[in-house]
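Visitor: What follows is a protein structure lacking sequence information:
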């Protein structure tokens, strides 16, 4: 038992020495580029989303095709923004309390909907209306 003790002592000292040496050294100064904060690079998904939103412009005639009927996606327009409400529960059939997808529902949302724009948090923005 006592014969193994010097080996463990040596191993412990070796590990501690390595840890101390790894932690020692000159710390970079604050102006050193090595310690300047680095902005995270945009992911390809971020770039694709920005490009898609900038380039996806719809006319109201095009939006009318997205009425949620016969398996088509359901899009609505609110304040010029196009939302995909296909998978939003109340819009799954393409209608919501008498309002049809494929249309601008801004006024209805502001004047008649008790939930206001809160339901739009569940929808994906897919584009904008062309001016």
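Guide: Received it, and whenever you're ready, just let me know what you need. Please read these numbers as outputs of a predicted model, since none were measured by experiment.
Visitor: any weak-confidence spans in the protein?
Guide: Applying pLDDT under 70 to the chain flags residues 1-11, 13-14, 16-55, 112-118.
Visitor: any idea where the helices of it begin and end?
Guide: 5-23, 44-55, 60-63, 106-111 (DSSP state H).
Visitor: By residue count, what's the longest strand in the chain?
Guide: If you go by DSSP state E, the chain has its longest strand at strand 124-129.
Visitor: List of residues touching that strand?
Guide: Outside strand 124-129, the residues within contact range by C-beta atoms under 8 Å, 6 or more residues apart in numbering are 52-53, 56-60, 63, 75, 77, 80-84, 104. To be clear about C-beta, it is placed using only N, CA and C from the backbone, and glycine gets the same treatment.
Visitor: Can you give the strand pairings for it, parallel or anti for each?
Guide: strand 57-58 (parallel), strand 81-84 (antiparallel) (DSSP bridges).
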